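# Compute the structure for the input listed below.
(chains A, B, C and D)
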Number of protein chains: 2
Amino acid sequence: MSEIESDAAPRARVGVRDVARVAGVSAQTVSRVINDHTSIRPETRARVLEAMERLGYRVNNAARALGTRTTRTVGVIASDATLYGPSVGISALETAARSAGRWIATAYAEAADAASVVGAAERLLSQGVDGLIVLAPHAATMPALATAYAGLPIDALHTDVGADRQAEGAALAVDHLVALGHRRIGRVAGPQDWLEARSRDEGVDHALRSAGLGEGPRWSGDWSAAAGAALAGEIAAAVRGADGPTAIVVANDQMALGLVSALRAAGVAVPEDVSVAGFDDNPDAAFYLPALTTVRLDLAGEARRAVAAVFGMPDPPAPSSPQLIARASTAAPRG
Amino acid sequence: MSEIESDAAPRARVGVRDVARVAGVSAQTVSRVINDHTSIRPETRARVLEAMERLGYRVNNAARALGTRTTRTVGVIASDATLYGPSVGISALETAARSAGRWIATAYAEAADAASVVGAAERLLSQGVDGLIVLAPHAATMPALATAYAGLPIDALHTDVGADRQAEGAALAVDHLVALGHRRIGRVAGPQDWLEARSRDEGVDHALRSAGLGEGPRWSGDWSAAAGAALAGEIAAAVRGADGPTAIVVANDQMALGLVSALRAAGVAVPEDVSVAGFDDNPDAAFYLPALTTVRLDLAGEARRAVAAVFGMPDPPAPSSPQLIARASTAAPRG
DNA sequence: CCCCGGCGTGATACCGGTAACATCAAGCTC
DNA sequence: GAGCTTGATGTTACCGGTATCACGCCGGGG
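Alright, predicted model coming up:
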């Protein structure tokens, strides 16, 4: 344990050649062990592993990347960290990547600003990423990136790319409200130029049509609680009017929080006067007042799918279907 | 614009040598331009820049890292993505790093599990990071890492490392309550084995002492809304009891949300029966019911400080002081 | 007028893995 | 048993920047 060079020694970096010398093999053989090549005698492998252990060897990914022209890293372009979906998305992607022996590199950008997104992509590319995953992309983003970086694998989370289950989840919320007896269902969508917002919106449309209902009033906001609150005035008026909606499907939990909060301030009770359903199943949503009915997506599964897609790995098990979490913010409409 | 090789051409990677050839200079000169060396004639620099532009040159960071033995990247060890603080912390660090011409690499770990944290550190080191920043570290984490990686710059966010303003912020909340007339102030701390929790807790202690008040009852939870809710029963009982607290300082907004929600369910009104203050100024907090009084930290400033510290850069302007955001969840105690 | 030092630039080697190819022994095929 | 395949390993060169040292030129001090 207590070796001479334990402390101040500038411990020269140990490389494959050092390991090779100690193990009495060639550098190439060490490389093979590192990469789990077949065709290594178990005994040789053991000797190499022992040498690596002894020397405290750690691969140098920069060198590896230089040689292989691949970094085993996917670049993730994220936007707003204060939103629940994207934050959890990054973490889910990191986990998925790690368990596939890959890495992520994250860059933040203004999703609505094409130049900013391209800037993020450029930064990631100079890092040598093998592909890109865009979190919650703006509608114009994907085509722009796909054009600019033809040949580079690009995927997305929180979209319909790769059959994401956004629409399916939105339909779940609508069906739930219909089952409770609602006929006039309004909605607060996300920004219409976000793919994720569109998917969810289309899911609502589809479900309403299937139920033989009209589209109902539609508002939209930027995903933030503040945006939800800003709409409360209009929505309160609509709810009070004749033939006003008796339920509102909101495109994410945070906007729903803001909406419910401001509705209450405006004297509209949830769910008595109007039911509200969210989307995401933010862990906080169970503690909103009232506890929010929402839809949970299998984000981990989506992340695994996206990572596998970018690296051209075999398809992982499909993400599980979205799930409705019924809580107190939805109830049967007033008699 | 429309060049021959615009499309299908497998566009062989362009390197410094290609740029050099086109610009009629040596590769070394191109390197000098890339790195903003002095001693380059403006005219030469212009020619090189033009060639880079024309060829669509992009530096290969792997190669650069290999040569310089430095990646200009700091590894960030994060834990739970569903918590507001850490999520925003990563984003703040990325921004701070980028504006300093550096990068971050993120790895997630179970903060309470030393092996998991070391695993994350190992992954980051094999990526070649030049230092580590730990987000919201567990008490045992920093010493363990510092020991294992002596010589590697390590810093942290959400702690007292580097004179973080946690304690100062906590004191702000207490002072606010004292000013409102509260004398019996309880608290919900974070997990005691987290440095961040300790800092905030000590800030509360200090402020209480300064105000000549006793410590008051203390509970603690794991930062989640669910944890806050789980404590509501005990806290409700305490509040109802003789000499019970009239105000509770909670170590973060999410626990405060859970607590308030469950207190209300238990028939304890906030702020009428008890005032509650949070910490973080989660953007959602303004829309909790009641809107939550909380403390805002200059996370961007803290991130700049941490990045500068790790890279040994000159100290940036000190982060600004925490700020109390007074809202509806705190009020004068009942006459 | 010569030497010195700094500026602008070029030539070469090297960072630490790995691809590609070579080598050699053992096991098979016929 | 010659010829071939396969397994296990070694050799060499290369990936794309940059550290390092070298070189020619110019202006100024003595």
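# And A:Asn35, how close does it get to A:Val48?
Using CB to CB, to the nearest Å, we find A:Asn35 at a distance of 12 Å from A:Val48. Placement of C-beta: from N, CA and C, glycine included.
# And A:Pro316, by the same measure?
Applying CB to CB to A:Pro316 and A:Val48 gives a distance of 31 Å.
# out of those two, which sits in the busier spot?
A:Val48 (25 against 17; other CB atoms under 10 Å in any protein chain shown).
# pretty sure that one is touching A:Val19, no?
Yes - here A:Val48 reaches A:Val19: they are 6.5 Å apart, a contact under CB atoms under 8 Å.
# for chain A, what spans make up the helices?
Listed in chain order, the helices of chain A (DSSP state H) span residues A:16-23, A:27-34, A:42-55, A:61-68, A:84-99, A:114-126, A:141-148, A:166-180, A:195-210, A:225-230, A:232-240, A:253-265, A:299-310.
# what about stretch A:304-317, how long is it end to end?
9 Å (CA to CA, to the nearest Å).
# should've said stretch A:29-43
With CA to CA as the measure, stretch A:29-43 spans 12 Å from end to end.
# Identify the residues contacting that stretch?
Residues outside stretch A:29-43 that contact it (CB atoms under 8 Å, 6 or more residues apart in numbering or on different chains) are A:16, A:19-20, A:23, A:44-45, A:48-49, A:51-52, A:59.
# now stretch A:202-222
So stretch A:202-222 is contacted by A:166-171, A:173-175, A:178, A:183-192, A:197, A:201, A:227-228, A:230-231, A:234-235, A:238, A:245, A:249, A:251, A:255 (CB under 8 Å, 6+ apart).
# If you count neighbours, what's buried in it?
Under the neighbour-count criterion of 16 or more other CB atoms under 10 Å in any protein chain shown, stretch A:202-222 has A:202-205, A:207-208, A:211, A:213, A:216-217, A:219-222 buried.
# Could you export it as PDB, CA atoms only?
C-alpha atoms of stretch A:202-222 as PDB (Å, rounded to 0.1, in the frame of the first residue of the first chain):
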ATOM      1  CA  GLU A 202     -52.400  16.500 -31.900                       C
ATOM      2  CA  GLY A 203     -53.000  13.800 -29.400                       C
ATOM      3  CA  VAL A 204     -55.700  15.900 -27.800                       C
ATOM      4  CA  ASP A 205     -57.300  16.600 -31.200                       C
ATOM      5  CA  HIS A 206     -57.300  13.000 -32.000                       C
ATOM      6  CA  ALA A 207     -58.800  12.000 -28.800                       C
ATOM      7  CA  LEU A 208     -61.500  14.700 -28.900                       C
ATOM      8  CA  ARG A 209     -62.500  13.600 -32.400                       C
ATOM      9  CA  SER A 210     -62.600  10.000 -31.400                       C
ATOM     10  CA  ALA A 211     -65.000  11.000 -28.600                       C
ATOM     11  CA  GLY A 212     -67.100  12.900 -31.100                       C
ATOM     12  CA  LEU A 213     -66.300  16.200 -29.400                       C
ATOM     13  CA  GLY A 214     -65.400  19.500 -30.900                       C
ATOM     14  CA  GLU A 215     -62.000  21.000 -30.500                       C
ATOM     15  CA  GLY A 216     -62.900  23.400 -27.700                       C
ATOM     16  CA  PRO A 217     -61.000  26.600 -26.900                       C
ATOM     17  CA  ARG A 218     -57.200  26.600 -27.100                       C
ATOM     18  CA  TRP A 219     -54.600  28.700 -25.400                       C
ATOM     19  CA  SER A 220     -50.900  28.300 -25.300                       C
ATOM     20  CA  GLY A 221     -48.000  29.200 -23.200                       C
ATOM     21  CA  ASP A 222     -44.300  28.700 -22.900                       C
END
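# How far off centre is it?
Computed by CA atoms, centre = their mean, to the nearest Å, the chain-centroid distance of stretch A:202-222 equals 24 Å.
# now do stretch A:239-249
The answer for stretch A:239-249 is 32 Å, by CA atoms, centre = their mean.
# which parts of it are buried?
By neighbour count on 16+ other CB under 10 Å, the buried set for stretch A:239-249 is A:239, A:244-249.
# which residues touch the residue in the stretch 101-250 of chain A positioned nearest to DNA strand C?
Closest contact between the stretch 101-250 of chain A and DNA strand C, by CB to the nearest atom of the strand, is at A:Gly101 (11.9 Å). Taking CB under 8 Å, 6+ apart as the contact definition, A:Gly101 lies against A:Arg72.
# one step back: kindly give a single ChimeraX line that selects the buried subset of the contacts of stretch A:202-222.
This is the ChimeraX syntax for the buried subset of the contacts of stretch A:202-222, where burial follows 16+ other CB under 10 Å:
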select /A:166,167,168,169,170,171,173,174,178,183,184,185,186,187,188,189,190,191,197,201,227,228,230,231,235,238,245,249,251,255
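# Could you tell me how many residues sit around A:Gly335?
Neighbours around A:Gly335, by other CB under 10 Å: 4.
# ok, it to A:Met255 distance?
Distance, A:Gly335 to A:Met255, using CB to CB: 29 Å.
# ok, back up a step: mind putting the helices of chain A in TSV, distance to DNA strand C and mean pLDDT included?
Shown next, in TSV, are the helices of chain A (distance: least, CB to the nearest atom of the strand, whole Å; pLDDT from 0 to 100):
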stretch	distance to DNA strand C	mean pLDDT
helix A:16-23	4	95
helix A:27-34	3	95
helix A:42-55	10	95
helix A:61-68	3	94
helix A:84-99	18	94
helix A:114-126	17	92
helix A:141-148	27	90
helix A:166-180	38	95
helix A:195-210	36	93
helix A:225-230	47	98
helix A:232-240	57	98
helix A:253-265	43	98
helix A:299-310	19	94
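# so which of the ones you listed is the most packed in?
Most buried of these, by mean neighbour count (mean count of other CB atoms under 10 Å in any protein chain shown): helix A:253-265, with a mean of 26.
# I'd like to know which elements it is packed against.
strand A:185-189, helix A:225-230, helix A:232-240, strand A:247-250, strand A:275-277 (3 or more CB pairs under 8 Å, 6 or more residues apart in numbering or on different chains; DSSP states H and E).
# at 7 Å instead, please
Helix A:253-265 sits against helix A:225-230, helix A:232-240, strand A:275-277, with contacts defined as 3 or more CB pairs under 7 Å, 6 or more residues apart in numbering or on different chains; DSSP states H and E.
# And the closest residue to A:Gly56 other than its chain neighbours, what's its pLDDT?
Excluding its sequence neighbours, the residue lying closest to A:Gly56 (CB to CB, 6 or more residues apart in numbering or on different chains) is A:Val14, at 6.5 Å. For A:Val14, the pLDDT comes out at 92.
# burial count for A:Val14?
17.
# what does A:Pro153 give?
15.
# before we move on, back to that, quick one: which two of the contacts of stretch A:29-43 are the most distant?
A:Thr44 and A:Val59 (18.3 Å; CB to CB).
# Look up how far DNA strand C lies from the residue lying closest to A:Glu272 once chain neighbours are set aside.
Among residues not flanking A:Glu272 along the chain, A:Arg334 sits closest, at 7.0 Å (CB to CB, 6+ apart). According to CB to the nearest atom of the strand, to the nearest Å, A:Arg334 stands 67 Å off from DNA strand C.
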